[in-house]
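[1] only the shape, not the letters, is given here:
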């Protein structure tokens, strides 16, 4: 015989819990999705968004796909990605003017582990247009960006 | 009547806590050298369940759409003790020259995770040093030179040069050793205004990805390089 009462009790608990959860969400808002960044704990060559925002004449480089860059790239960012769907030399040719006049470059990708920011920032370093210490990878990737 | 239900919950919770089944990978970083005409490279990450219980993969993913992961056994997720399998990484190769690391994440049901890295290198068949020639605004418009070296393993020749701003940055190609070493000299006509240009070096490579290489020229603001280094560093230090 199936024990009905425990199942009913479990369902009641589930409904009550869901109600409390929804109520809490509506009262306090959703969980914070802000990417925490401690400048003392990030890797060399990386920078927190809060620090990058304060630097002068930053050129933001989007190392994601073109589709994502067009969708929600950081304002005035340039597309420069190692993704196989793009012709990297052509992208570099288009980005060169911005890079040649930049004081600081910050490269970001979808996430910190996407694997594109570092090779792209290395290619920018090889141009020797900007001092190495002024070329950064954004800690936390695109998720760490705050849009106005 | 409540006891069996609670007991079942406790046993289920305990079993997830004590499960130590896991997969052990022979290598978690595999280096691959792409051939000049490769569009796809593969890396096989061999693993084995060295535990005493079933090891179950919860999910696997690669952050880059350029890398696909396939698990052997038709995508089998559960691996019995002693069983071996392979996670195959299929990496699409574009024309980005250099070394890139792309990761595959394997998340196990017991909460453990593995990161597998495909380290792919696409070599340059033609090297240009430096990558950029620079002059300062209102500085001397002297001749500067790119040193070009061709890979000796692949028979290459330079077919010609095209430039986007030849009027401001006229150039001259010198053959040092045919098929091996060249010099590309650039002498700006004037440095009284800022400007930039691109020089494309065409080769006779049979590989489309290596038929064109780029070098850059720029007349920039005087002292820009040194000034930006000092200014940005001070800002970062909070001065």
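    Ah, there it is. Predicted, not measured: the structure shown is a model, and the values here were computed from it.
[2] any idea which residue sits dead centre in chain B?
    residue B:100 (2.2 Å; Cα atoms, centre = their mean).
[3] quick one, phi psi at that residue?
    When read as degrees, to the nearest 10, the backbone of residue B:100 gives phi -130, psi 150.
[4] distance of the residue lying closest to it once chain neighbours are set aside from residue A:59?
    Excluding its sequence neighbours, the residue lying closest to residue B:100 (Cβ to Cβ, 6 or more residues apart in numbering or on different chains) is residue A:119, at 4.6 Å. (C-beta placed from N, C-alpha, C; glycine too.) The spacing between residue A:119 and residue A:59, counted by Cβ to Cβ, to the nearest Å, is 17 Å.
[5] burial measure for the closest residue to chain A within chain B, as a count.
    Of all residues in chain B, residue B:94 sits closest to chain A, at 3.1 Å by Cβ to the nearest Cβ. Neighbour count for residue B:94, taken as other Cβ atoms under 10 Å in any protein chain shown: 18.
[6] before we move on, what about the one 5 residues further on?
    For residue B:99, the tally of surrounding residues (other Cβ under 10 Å) stands at 15.
[7] domain parsing for chain A?
    A:1-31, A:46-144 (automatic domain parsing).
[8] columns distance to residue B:172 on top of the ones you listed, output as CSV?
    Output for those, formatted as CSV (distance: least, Cβ to Cβ, whole Å):
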stretch, distance to residue B:172
domain A:1-31, 63
domain A:46-144, 22
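[9] got the phi and psi for the residue of chain B closest to chain A?
    Taking degrees, to the nearest 10 as the convention, residue B:94 sits at phi -100, psi -140.
[10] residue contacts, it?
    The neighbours of residue B:94, taking Cβ atoms under 8 Å, 6 or more residues apart in numbering or on different chains as the test, are A:82, A:83, A:84, A:85, A:86, A:87, A:88, B:66.
[11] show me just the buried residues among these.
    Listed as buried from those are A:82, A:83, A:84, A:86, A:88, B:66; burial here means 16 or more other Cβ atoms under 10 Å in any protein chain shown.
[12] can you tell me which of those is closest to residue B:52?
    residue B:66 (37.7 Å; Cβ to Cβ).
[13] quick check: end-to-end length of stretch A:41-50?
    The straight-line separation of the ends of stretch A:41-50 (Cα to Cα, to the nearest Å) is 14 Å.
[14] per-residue confidence averaged over it?
    Averaging pLDDT along stretch A:41-50 yields 92.
[15] how about residues contacting that stretch?
    By Cβ under 8 Å, 6+ apart, stretch A:41-50 touches A:35, A:37-39, A:106, A:118, A:121, A:135-140, A:144-146, B:236.
[16] next step: those restricted to strands.
    A:106, A:135, A:136, A:137, A:138 (DSSP state E).
[17] can you show me the strands along chain A?
    A:46-47, A:58-62, A:78-79, A:104-108, A:135-138.
[18] of all residues in chain A, which one is closest to chain B?
    Residue of chain A nearest chain B, by Cβ to the nearest Cβ: residue A:84 (3.1 Å).
[19] what's the closest non-adjacent residue to that residue?
    residue B:94 (3.1 Å).
[20] as a markdown table, the buried ones among the contacts of residue B:94 with distance to residue B:30 and pLDDT would be great.
    Formatted as a markdown table, these follow (distance: Cβ to Cβ, whole Å; pLDDT from 0 to 100):
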| residue | distance to residue B:30 | pLDDT |
| --- | --- | --- |
| A:82 | 18 | 95 |
| A:83 | 21 | 93 |
| A:84 | 18 | 93 |
| A:86 | 25 | 95 |
| A:88 | 23 | 95 |
| B:66 | 16 | 91 |
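[21] tell me who's in contact with residue A:138.
    So residue A:138 contacts A:46, A:47, A:49, A:52, A:106, A:107, A:108, A:117, A:144, A:145 (Cβ under 8 Å, 6+ apart).
[22] switch to 7 Å and redo it
    Contacts for residue A:138 were tallied using Cβ atoms under 7 Å, 6 or more residues apart in numbering or on different chains; they are A:47, A:49, A:52, A:106, A:107, A:108, A:144.
[23] so where do the helices sit in chain A?
    A:4-28, A:49-52, A:66-72, A:88-100, A:117-127 (DSSP state H).
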